[in-house]
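Enquirer: next comes the sequence, and after it the predicted model I'd like to discuss.
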Amino acid sequence: MRILLMVPSQPMYSLWNYGKHAARLDSFNIMILNELTEKLKNTGLVYDIRLAASMFRTGSVDGLQEIAARNRADECLLLSYDLWLVQSSSCLGFWPVSSLKGNLNSEMMLIDTRTGFFLAGSRYSFSKKSSSDVLIHQNKELELMHLIVAELTDAIVVDLLEFYESESSK
């Protein structure tokens, strides 16, 4: 099975700090792709996972099928999400203590490239918090993103494997 991971680009109006936020989302997509590839490569069910171009725009199943067909994918994994990273801070004595909290709401839909049928779908919601530190660092943001990606991809892999097992038993 070859899967094309498609993550629709976020609407321009929903990004309050477009420059920094957009770069964060591109790296988040790549982290998701790498984790899914690592977790699914030894299952024997999925041979290849690719990431579609981040700027694709289509509003129809026919458009999704065309993009997936051009990438020679058997199935299309459509993944949308809202990721929010919020820095909270408090002052304990003389040193400020900062932590980072991440919230992710996501939806996944598996689409057959040939027929356009929706095969499986799920919703996910995760919340993670970094450890408190004297100062907030960029690596805290990356660390928190990795924790969220690990939890999201674990849930997606479980759902995909359950779907493939139910289909093979028919």
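Expert: Everything's here; your move. Numbers count the residues shown, from 1 in each chain.

Enquirer: buried stuff in the longest helix belonging to the chain?
Expert: Secondary structure assigned by DSSP state H gives helix 138-168 as the longest helix of the chain. Within helix 138-168, the residues scored as buried using 16 or more other C-beta atoms under 10 Å are 140-141, 144-145, 148-149, 151-153, 155-157, 159-160, 163-164. The C-beta positions use only the backbone N, C-alpha and C, and glycine is treated the same way.

Enquirer: next one: stretch 122-133
Expert: Across stretch 122-133, burial judged by 16+ other C-beta under 10 Å covers Ser122, Tyr124, Phe126, Lys128, Ser130.

Enquirer: let me see the contact set for Arg114.
Expert: Arg114 is in contact with Gln65, Asp74, counting by C-beta atoms under 8 Å, 6 or more residues apart in numbering.

Enquirer: which element is it on?
Expert: Using DSSP states H and E, Arg114 falls within no helix or strand.

Enquirer: what of Ala69?
Expert: Element membership of Ala69, judged by DSSP H and E, is helix 61-70.

Enquirer: how about the closest residue to Leu161 other than its chain neighbours, secondary structure?
Expert: Computed as C-beta to C-beta, 6 or more residues apart in numbering, the closest residue to Leu161 that is not its neighbour in sequence is Thr43, at 6.6 Å. The three-state label given to Thr43 by DSSP: H, G, I helix; E, B strand; the rest coil is coil.

Enquirer: how much space between Thr43 and Val86?
Expert: Computed as C-beta to C-beta, to the nearest Å, the Thr43 to Val86 distance reads 35 Å.

Enquirer: next helix or strand past the helix holding Ala69?
Expert: Next helix or strand after helix 61-70 toward the C-terminus (DSSP H and E): strand 75-92.

Enquirer: name the helices or strands packed onto that following strand?
Expert: In terms of contacts (3 or more C-beta pairs under 8 Å, 6 or more residues apart in numbering; DSSP states H and E), strand 75-92 is packed against strand 2-6, helix 18-40, helix 61-70, strand 95-112, helix 138-168.
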